[in-house]
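Chemist: Sequence first, predicted coordinates after that:
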Amino acid sequence: MAQLFEVHPQNPQPRLLAQAADILAKGGLVAVPTDSSYAVVARLDDRSAAEALRRLRGLDERHNLTLLCRDLAEISTFARVDNSQYRLLKLATPGPWTFILEATKEVPRRVSHPSRKTIGIRVPQNTVLLSLIEQVGSPLLSTTLIPEGETEALNEAEEIAERYKYDLEAVIDGGPCPADFTTVIDLTSGQPEVLRRGLGDPQKLGLE
């Protein structure tokens, strides 16, 4: 049965986040608020949790999962970033953007794209989520919480806890999230390519 942790959106209780981090350390899946919609997260280094993450969403191995990082410096550990890409990332982060980048060897092969060896990377602008990542001590593997066969993300913590009570170990209720997705930009082909429009405005990055 999924536990529901109600935390303050600006000053989340460390005790509750520590409990959520312990659940992740034991291989559990946790639904979390972000600066776009809710996402479901797992430990990056947990093979079975990553597989459970894909099963929950009905995703195959070709779907890019996303690493949620604490800051720009952490990105360079998990993705190869050149000077022009770095400038774009610096302009955009933190915020509702997901960047597709070439994965480094620090990223387990099972979570990167099998043929392109890419990974989604983002730095969210959400106090609760950043505090959880800090508690865990490393980036979290994530995917937007969209029910299999549907197109809209879930954004109500109590609904998520009820709907996935046997699939998730915990749901962190940090208040309402925007009912929208991140903007996804592919940085692996030389020129930035907008793959999906969401909350991030490409014009702010000089892309359109």
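Modeler: Nice, thanks for sending it over. Residues are numbered from 1 along each chain as shown.

Chemist: Show me which helix or strand of this protein is least confident by mean pLDDT.
Modeler: Of all the helices and strands that make up the chain, the one with the lowest confidence by mean pLDDT, DSSP states H and E is helix 47-57; it has a mean of 87.

Chemist: Please spell out which residues along stretch 79-92 are buried.
Modeler: Applying a neighbour-count criterion of 16 or more other Cβ atoms under 10 Å, the buried positions in stretch 79-92 are A79, V81, Q85, L88, L89, A92. Placement of C-beta: from N, CA and C, glycine included.

Chemist: burial measure for A42, as a count.
Modeler: The local packing count at A42 equals 26, with neighbours defined by other Cβ atoms under 10 Å.

Chemist: quick one, what contacts it?
Modeler: When contacts are counted by Cβ atoms under 8 Å, 6 or more residues apart in numbering, A42 is found next to L24, G27, G28, L29, V30, A49, A50, A52, L53, L140, L141, S142.

Chemist: Listing partners with orientation, what would you give for whichever helix or strand it is part of?
Modeler: For A42, the enclosing helix or strand under DSSP states H and E is strand 39-43. When pairs are called by DSSP bridges, strand 39-43 turns out to pair with strand 30-32 (antiparallel), strand 140-144 (antiparallel).

Chemist: What are the contacting residues of the first one?
Modeler: Translated: strand 30-32. By Cβ under 8 Å, 6+ apart, the surrounding residues in contact with strand 30-32 are 2, 20, 23-24, 38-42, 128-129, 132, 142, 145, 157, 160-161, 164, 168-172, 174.

Chemist: Give me the helices and strands touching the longest strand seen in the chain, please.
Modeler: Under DSSP state E, the strand in the chain containing the largest number of residues is strand 97-103. Packed against strand 97-103, as judged by 3 or more Cβ pairs under 8 Å, 6 or more residues apart in numbering; DSSP states H and E, are the following elements: strand 79-80, helix 83-92, strand 118-122, strand 183-186.

Chemist: related to what we said a few turns ago, tell me which of the strands paired with strand 39-43 sits most buried.
Modeler: The highest mean neighbour count among the strands paired with strand 39-43 belongs to strand 30-32 (a mean of 27), with neighbours defined as mean count of other Cβ atoms under 10 Å.

Chemist: quick one: contacts for the spatially most central residue of the chain?
Modeler: In the chain, the residue lying closest to the centroid (Cα atoms, centre = their mean) is S142, at 3.8 Å. By Cβ under 8 Å, 6+ apart, the contact list for S142 reads V32, A39, V40, V41, A42, L53, L65, T66, L67, L68.

Chemist: One more: I121?
Modeler: Contact partners of I121, counting by Cβ under 8 Å, 6+ apart, are T66, L67, C69, I75, F78, A79, T98, F99, I100, L101.

Chemist: let's see it at 10 Å
Modeler: I121 makes contacts with 64, 66-69, 74-76, 78-79, 81, 89, 93, 97-101, 103, 107, 139, 187, as judged by Cβ atoms under 10 Å, 6 or more residues apart in numbering.
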